[in-house]
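Student: only geometry, no sequence info:
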Ligand SMILES: Cc1ncc(C[n+]2csc(CCOP(=O)(O)OP(=O)(O)O)c2C)c(N)n1
Ligand SMILES: Cc1ncc(C[n+]2csc(CCOP(=O)(O)OP(=O)(O)O)c2C)c(N)n1
Ligand SMILES: [Mg+2]
Ligand SMILES: [Mg+2]
């Protein structure tokens, strides 16, 4: 296990807090009818996602976030404005609002834009790493992606992870087991005890971690990333937690039993993290309050900025799904 | 482990021997240009397949054989003539030569006709069992299917096995790890030590067995089938062996290294089985010779019969992929 | 009291569960949650051992259904969105669709595909896949456009011995209302004149029937009487009804919400020109969505698929020949 | 000395590996074994770190390719048979095909699909899937019919920044021979007059070009001069060349080996009637395979797909109008 590094914890926490503040804002905007389409939040999953993003190296590693990775995105360097522009319909957004909400990315910056089909990003990240090996730039690189408990039931997840294992790629797959896939509980999704039991069958490293505990996440996810970086092949981390929001903001998650909410994993990782940071002397309450203010303003600005930008104009849209023009004469 | 039952061993062996004799004949017919399309043999895999077929109950269980399961088919009651008719182009065959070679089946007798896409029969068998549960006829039933080492890399295998585990179905999946998938060796197919290490991650029973050893196969596969029958959920058996033929008869398998052929798993399960039966007093040499003759004649007859039957006539063919006529008025 | 298109889908499933023991439902979040669109609301409570939440395994969902059908059951599989059936593509086109021709045993499964665009749904929750499935032999592909078709065609799909791809349009779910669920009951394989006319024929299906009718209403103000044919099922395609309409009007516009290359509109135009060339007074035309993924933003989306405006425009062009 | 269609595919890959570091090959049994059809024979020896055996994971094969393309590589993925691309369907149509429109970054992958029927191959080793992939926006679909097209179009496919579905016909692999590999080099997106004529136009592609030419040869004995247009790429479809031919002949027969509903022939007929209705002297016709899975037995197979006989018959009917 890596020793806990204060800078790491502070960075990870800052991404968690910024994500939470942003997502709370998105939720209000949704409820106020300002967002068309779905809003998917990472509430309760920030420690896992934020630690992963923080453990990655911007400009070197690659990271395919999924639907609950606002914290990881932030930690990996995605500007807030990418998020607000995408949700609020600004043509300046990275996807030019051709795609929406959590389907955004910056592939040229190592952060691909997810498609909806669960599991599909697993082989994609493998391919990015595979290419780096061929180009001779793989050394010390890591590629990471997150999936939910539900996504582990997809053929894509299985094929992709197995292929990465065969190719011995430095991939880290974090499975956020938040106990539900939309409304479907774990017992309708898999039949083993802990999904980490799958690691051995793929021949990859396996870790199980309390996803509500920043310290534990920092240490375990940090270790997994380190092992991958050292060339030990794919690493699978299973984080245990509870989704603290609905599946999307349209959903009240009424099917989540009170016992789960009241249970251990019902606790809020942000609150736990604050306790840990303060008690461990990594940050003071005052500092945290200052961050909160800083981020609230930053979020405000990103929202305001996106709101004043142009909506798309179908008459200006380039309706072309191909970059090539025909007849095609290679240059 | 179940105690070894002489009748079981004798039955399993008879299916093995019959399959071998039939397949040797198919190979000659192929080389003589009498068969169009591929010929795929189970040479070296008869102990595994034959024990599985023998452990199943005809008329009650279901069985989705794959490409190297002539022995299992025979043990499960498929008449030889189904095979020769299909390979030799007789319209009397179960598929009316609309489909060929190992793609034959008798779905109404519990033996579905495989499609080529590897892994696809796994959820299908799960579905047959699921239906039996709904109909109230599942009690004491088992559904079995075989796949190769290569097929474990398919999404279909993963999704199907996981679904069967979630539904706690009495399914037995036998993985014949014959070290190659066509020309591709295990180290390009998976990265774990023994594929049986996957069982735990699915929450299913796991067994590893020497696939060249009839006694071992009888006991381990028998046990797996028994556990499934008792309602213990899916069971996965990984049998270790070597494919003793090419991928198909068009392939000489030159890529299989001599060391593998000369190694432990290069031994012929039929020869081992004869030794075991004779030494254990389960059958005498003379009896085995008599079986050999009986089966050779039976194979001869099945070939001769199929060869004298009509080839398909495109003018008589019912070119319809649907059973319904339109406009459709339900009765 | 009015009922909606989704009510009809729900009620059909309830009636099927009640009347036929062989029917069961399998899909993601369809049991206690009642489905992403509530098409199975309350059914798991009423039929606790007949409605099941699936793991996120579309391929295995269809594999399981085919296996169950072999054993005599009549499963209804709900895809959460049609777009996710791309994962089940192999089991649908190669396992289910080939089974009858290969073995002589038909596979009575019904695959429900919540299809088509709605504002803000984007490239992966908006697709219209009827034209893909229709290309494969061995599948029946239905595309109900009315509340009573949503009901009766689902009932008939499940009764039918062959696999049916039931494309239900998400836009119609709550938008489309009727006085009662069980209106006119036409057989699958027969098209319907949704609106009679004499100057031109629009052949379409699913949500586009309503857009076409709105376009026709507009043109009526200028004295044009446009006939709208609702195909109801795109495979089989009731070419007789289409030809009879074109015989009356001499002009054909085929409209679909799917991508423009190939698909239903190409099949319609080809069949009509092959079999009814002499009936045509003008070149037959097509109008589909644009040849890009379905865009997320409502403003782009509205310009991506055919609308009453673009249909009217296409009709005016057709009428001017 | 003569070279075959498969030689051209092999040589194109060799040339690409030699000339462009970004090219690598990934597929089942393609490394030391050289591929099920030997299309990569010797390439792993020559380029040991650029040619890889894949696990049996079609979906992940394409996923990996797209990821590698994002990182600037130009992967060529060999499907062992086109039919198995049904497993990769989602990654092809939703991941690769949508990427450029969604993100502005094109995905230069080439997917080689050994396509089409051969005797004894049956329902799952015979499919022609060009019409399926062409339905999705964001894919280029090419269907070489000649040795030099097999070579040049594969080179160009890999050079192109967008995803290309390269449908190579298995029947042509060793049957089709030419004097040299690098004959005429036409651009992708331009059709070719395979055989000039003036009484009727056959529009086709891939192996059917040769069957159509044989049919045309037969009809020549009766004085009919049939023009055969080889589409070369089915998406984009070079409608200008097709229309120019129909303008000369007044008659159109579209021939394809794929299933009869929708697909390339429907797109061709629809485009021609939409844009060139006035050029037609007779109803345009289509000839495809039958609407069942591709049967295993050679005698059934030969009656399932179009042949010189059935094409001649369709042409005679067309000429009699
Ligand atoms: C292949 C596929 N099937 C279905 C869906 C619809 N869907 C979107 S999110 C979701 C639940 C995902 O659950 P999980 O993987 O546990 O992630 P979580 O939402 O809990 O973070 C489903 C079923 C999808 N996106 N992809
Ligand atoms: C999904 C899929 N991809 C590719 C193939 C082509 N194929 C047929 S058999 C085979 C090798 C199978 O290997 P394995 O599963 O180990 O079985 P074995 O032949 O060794 O018994 C391959 C690649 C296929 N049938 N299905
Ligand atoms: Mg979850
Ligand atoms: Mg094998």
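Tutor: Received it, and whenever you're ready, just let me know what you need. The structure displayed is predicted, hence computed values, not measured ones. Residues are numbered from 1 along each chain as shown, chains lettered A, B, ... in the order given. Ligands and ions are numbered 1, 2, ... in the order given.
Student: please count neighbours and contacts with C-alpha atoms only from this point.
Tutor: Fine.
Student: any bit of the helix or strand hosting residue C:240 sitting next to chain D?
Tutor: Using DSSP states H and E, residue C:240 sits within helix C:239-249. No - Helix C:239-249 stays clear of chain D (CA under 8 Å from any CA of the partner chain), getting no nearer than 12.7 Å.
Student: and the next helix or strand past that helix?
Tutor: Past helix C:239-249, the next helix or strand by DSSP H and E is strand C:252-255.
Student: can you give me the pLDDT of residue A:246?
Tutor: The model reports residue A:246 with a pLDDT of 97.
Student: all strands of the stretch 151-300 of chain A, in order?
Tutor: Remark: strands assigned in the stretch 151-300 of chain A by DSSP state E, counting those that start in this stretch are A:171-177, A:180-181, A:184-185, A:205-210, A:235-240.
Student: residue A:35: which of these is closest?
Tutor: Among those, strand A:180-181 comes nearest to residue A:35, with 23.4 Å by CA to CA.
Student: is that closest one up against chain B anywhere?
Tutor: No - contact of strand A:180-181 with chain B (CA under 8 Å from any CA) is absent, the minimum separation being 14.4 Å.
Student: list the strands paired with that strand, with their directions.
Tutor: If you go by DSSP bridges, strand A:180-181 pairs up with strand A:184-185 (antiparallel).
Student: what segments of the stretch 51-200 of chain C are strands?
Tutor: Along the stretch 51-200 of chain C, counting by DSSP E, counting those that start in this stretch, strands occupy C:51-53, C:74-78, C:110-115, C:140-142, C:164-169, C:177-178, C:192-195, C:200-204.
Student: and the shortest one, what does it pack onto?
Tutor: Taking 3 or more CA pairs under 8 Å, 6 or more residues apart in numbering or on different chains; DSSP states H and E as contact, the helices and strands that strand C:177-178 lies on are strand C:3-4.
Student: tell me what angle the helix or strand that comes right after the strand it packs on forms with strand C:74-78.
Tutor: Proceeding C-terminally, strand C:3-4 gives way to helix C:5-19 as the next helix or strand, assigned by DSSP H and E. Angle, helix C:5-19 to strand C:74-78, by axes from the mean of the first three to the mean of the last three CA atoms, to 10 degrees: 150 degrees.
Student: so what's the residue count around residue C:184?
Tutor: Residues contacting residue C:184 under the criterion other CA atoms under 10 Å in any protein chain shown number 11.
Student: on that earlier part again, indicate which one of the strands of the stretch 151-300 of chain A is closest to ligand 4.
Tutor: Checking the strands of the stretch 151-300 of chain A against ligand 4 by CA to the ion gives strand A:205-210 as the closest, at 25.6 Å.
Student: the closest one vs strand A:235-240, what angle?
Tutor: Using the same axes, to 10 degrees: strand A:205-210 against strand A:235-240 is 20 degrees.
Student: partners of strand A:205-210, with directions?
Tutor: Paired neighbours of strand A:205-210 in the sheet (DSSP bridges): strand A:235-240 (parallel).
Student: what sits up against the strand it pairs with?
Tutor: Under the contact criterion CA atoms under 8 Å, 6 or more residues apart in numbering or on different chains, strand A:235-240 has outside partners A:48, A:170-179, A:195-196, A:199, A:204-212, A:220-221, A:224-225, A:227-228, A:265.
Student: can you put the strands of the stretch 51-200 of chain C in TSV and add mean neighbour count and mean pLDDT?
Tutor: Below are the strands of the stretch 51-200 of chain C laid out as TSV (neighbours: other CA atoms under 10 Å in any protein chain shown; pLDDT from 0 to 100):
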stretch	mean neighbour count	mean pLDDT
strand C:51-53	23	98
strand C:74-78	27	99
strand C:110-115	27	98
strand C:140-142	29	98
strand C:164-169	26	99
strand C:177-178	18	96
strand C:192-195	18	98
strand C:200-204	30	98
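Student: quick one, which of the ones you listed is nearest to residue A:141?
Tutor: strand C:51-53 (39.5 Å).
Student: how about chain A: which residue is closest to chain D?
Tutor: residue A:127 (3.7 Å; CA to the nearest CA).
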